[in-house]
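Visitor: Give me the fold of what follows.
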Amino acid sequence: MNLLWFLAGLAIGLMHLAWYRARLSLQLKQITRSLDVTEAATPFSISSQITAAIANYRQVNQDLERQSETWKQIVNCAPVGYLQVDEDNQLTLCNSQACHLLGISNCDTLQPRLLLELVRSYELDFLIEQARETEKPSQREWMFYPTSVDAANLSDQRTTPIRGYAFPLTGDNVGVFLEDRQEALTLAQQRDRWTSDVAHELKTPLTSIRLVAETLQSRLEPPTRNWVDRLLTEAIRLSTLVQELLDLSQLEVNPGQRLSLKPIDLVELIHSAWLSLEPLASQKHLKLDYGGPAQLLIQADEPRLHRVLLNLFDNGIKYSPVESSIRVKVSLQNHSFTQSGKPSQQIQLDIIDAGQGFPETALPHVFER
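Guide: From the prediction side, this is the model:
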C-alpha cells in the first residue's frame, strides 16, 4: 500500500515537473523573441544567447544614457533658453540661460515643481497652453517683469523683452525656447534715435531752402518761375516728411504729451477723409458703406486721426476689388473708468474692405515700423 502511494506521488511530481519545464520553455521562447535571439538546439545555447542579449541590451542602454547626457549638456550650454513642462505644467527641465532670463534660482538642483510657483508670467503660460491645445508650434513676444520676494534684489532685476517658441511633445509635454530680445530692442532704439537726429538736422537747411524759394518765387517770371515752383513744392514735401519723422519719434517716447486733443465730430471726419480719396475710389467704382451714429463728438487729435483714416482708406482702395464697398462701423463699447475714477466710454472703429487681408504669419508684425 505504501508503495502504491509512493508511485502515485512520484507520478504527480513528474507531471508537475513536465508542466513546469513546458512553462519554462514557453517563457524562454517569449524571451528569445523579445530579445531577437535565434532558436537553439539545446537549453544551454539559448541561455547563453539570452545572457549575450542582456549584455548587449545593457550596452545599448548605456549608449542611450550617454547620448541623453550629451544632449542635456548641449541644451544647457545653448545661447538660448530652453524649458520643458509636463502635462500638469510642472517644470521638468530648464537650462541655465532660461533660469537667467526668468530669474529662477538653484537651477542645478531644481526639482519638478509647478511652473507658476517659479515664474509669474501670464504670457508664458498662455504660450504653453496655446501650443498644447492647437498641437502646433506657437510664437509670442512679451516684456517679462521679474518678481522677487527679496526686497534687496528688486534693484538688480530688469525688465527683459523675450520671444518664446513653444512646441508640443509627446504625453502633453511642451518644450519652450526663450530668446533674449534686449539686443534687438536696443538696436531698434538706436535706429529710432538716429532717424530722429537726422530728421532734426535736415529740418534747418530745408527751412532755409524753402525761405529762399519763396523769396525768389515772387521776383521771377515764367518760365524761370516754374523751376522755383517745383523746387518749393519738393522742399515743402521734404519738410513735411521730416516733421512726420520727428512727430513719430516723439510719439513713441511720450505719446500723451504730443497729442493735441480737442472736441471733434468723428463721423464728419470719416466722411471728410473719404472725400479726399474719392477720386481714387471712383476709378475702381468703390463706395463707402457707413454704419453708426449720425454724429459722435470725441476728444482727439484731428490732424493725426485724419491721417490714420487716410492711410486706412488708401490701403482699402488699393486692395479692394472693382465695384465693391468699404464698410465703416462705429460703435460704443462698455463703460470703463479713467485713472481719476471718472466714467469713460471706448469707441470701436472698424474699417473693413474686400481685400485678401494679411496672411496669418504676418499678423505679429503688422504694427512694426
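
Visitor: Could you check how far residue 64 is from residue 58?
Guide: 11 Å (CB to CB, to the nearest Å). C-beta here means a position set from N, CA and C on the backbone, and glycine is covered the same way.

Visitor: Any regions of this structure where pLDDT drops low?
Guide: Applying pLDDT under 70 to the chain flags residues 1-3, 6, 28-47, 49-50, 148-157, 253, 255-258, 334-344, 368-369.

Visitor: Using the record's assignment, carve it into domains.
Guide: 2-73, 78-180, 184-257, 260-365 (automatic domain parsing).

Visitor: okay, the ones you listed in JSON lines with mean neighbour count next?
Guide: Below are the domains of the chain laid out as JSON lines (neighbours: other CB atoms under 10 Å):
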{"stretch": "domain 2-73", "mean neighbour count": "11"}
{"stretch": "domain 78-180", "mean neighbour count": "16"}
{"stretch": "domain 184-257", "mean neighbour count": "13"}
{"stretch": "domain 260-365", "mean neighbour count": "13"}
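
Visitor: Might you quantify the distance of the helix or strand containing residue 244 from its chain's geometric centre?
Guide: Assigned by DSSP states H and E, residue 244 falls within helix 224-253. When C-alpha coordinates are averaged (CA atoms, centre = their mean, to the nearest Å), helix 224-253 and its chain have centres 37 Å apart.

Visitor: for stretch 100-119, same thing?
Guide: For stretch 100-119, the distance to the chain centre is 22 Å (CA atoms, centre = their mean).

Visitor: got a list of contacts for that stretch?
Guide: By CB atoms under 8 Å, 6 or more residues apart in numbering, the surrounding residues in contact with stretch 100-119 are 81, 83, 85-86, 88-92, 94-96, 98-99, 121, 124-125, 128, 144, 146-148, 157, 160, 162, 178, 180.

Visitor: again, 6 Å this time
Guide: 81, 85, 89-92, 96, 99, 146, 178, 180 (CB atoms under 6 Å, 6 or more residues apart in numbering).

Visitor: Return the distance of residue 10 relative to residue 18.
Guide: From residue 10 to residue 18 the distance is 13 Å (CB to CB).

Visitor: Would you map the strands across the stretch 151-300 of the chain?
Guide: 160-168, 174-180, 262-265, 287-291, 297-300 (DSSP state E, counting those that start in this stretch).

Visitor: hmm, back to that, would you check which pair of the contacts of stretch 100-119 lies furthest apart?
Guide: Using CB to CB, the contacts of stretch 100-119 span at most 24.4 Å, a distance reached by 90 and 180.

Visitor: measure residue 322 to residue 281 for me?
Guide: Distance, residue 322 to residue 281, using CB to CB: 11 Å.

Visitor: Let me fix that, I meant to ask about residue 290.
Guide: From residue 290 to residue 281 the distance is 14 Å (CB to CB).

Visitor: Please apply the same query to residue 268.
Guide: 18 Å.
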